[in-house]
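Asker: need a 3D model of the following:
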Amino acid sequence: MISAHDIPVREKERFAGKPTVDVGVKAAVDRPGELIDKARGKAERGATTAPAAAARTSPIDRGTAQATASA
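Answerer: Residues are numbered from 1 along each chain as shown. Model (predicted):
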C-alpha cells in the first residue's frame, strides 16, 4: 500500500500488518515507479507495518529530504 500525503494520516492502525510505503505527495508525483518497486519489494519480503499500537507513534518516512523539510 502506498500512502502519499502531506498531512498526518488518521487511523493508521488500519494498515497494520500490511506492506506500506509512506511518503509525501511530492515524492509520489516525482518517483512513482520507484515507490511501486519499493512496495512490491516489501510485499515479496513479507515486510509489514508495526502492530497498531506502535503504528500511531512511528515517524512518517517522507521519502525525500525536501519533503521532510517542508512538512
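Asker: let me know the secondary structure of the residue nearest to the spatial centre of the chain.
Answerer: Closest to where the C-alpha atoms of the chain average out (CA atoms, centre = their mean) is residue 22, at 1.1 Å. Here residue 22 is recorded as strand under DSSP: H, G, I helix; E, B strand; the rest coil.
Asker: where along the chain do the strands fall?
Answerer: 2-4, 21-23 (DSSP state E).
Asker: relative to residue 10, which of those strands is closest?
Answerer: strand 2-4 (11.5 Å; CB to CB). Just so you know, the C-beta spots here come from the backbone N, C-alpha and C atoms, and that holds for glycine as well.
Asker: for the record, mean pLDDT for that closest one?
Answerer: Regarding strand 2-4, the rounded mean pLDDT is 93.
Asker: pretty sure the residue nearest to the centre of the chain contacts residue 3?
Answerer: Yes. If you go by CB atoms under 8 Å, residue 22 and residue 3 touch, sitting 4.8 Å apart.
Asker: what is in contact with those two at once?
Answerer: The contact sets of residue 22 and residue 3 overlap at residue 9 (CB atoms under 8 Å, 6 or more residues apart in numbering).
Asker: deepest of the strands of the chain, which one?
Answerer: For the strands of the chain, the largest average neighbour count (mean count of other CB atoms under 10 Å) is found in strand 21-23, namely a mean of 23.
Asker: what about that strand, average pLDDT?
Answerer: Strand 21-23 shows a mean pLDDT of 93.
Asker: now it, how far from the chain's geometric center?
Answerer: 2 Å (CA atoms, centre = their mean, to the nearest Å).
Asker: who are the packing partners of that strand?
Answerer: strand 2-4, helix 32-45 (3 or more CB pairs under 8 Å, 6 or more residues apart in numbering; DSSP states H and E).
Asker: looking at the ones you listed, which is closest to residue 18?
Answerer: Among these, if distance is taken as CB to CB, the winner is helix 32-45, at 8.7 Å.
Asker: residues in contact with the closest one?
Answerer: 1, 2, 4, 19, 20, 21, 23, 27, 28, 47, 48, 63.
Asker: give the buried residues for that helix.
Answerer: 35, 38, 39, 42 (16 or more other CB atoms under 10 Å).
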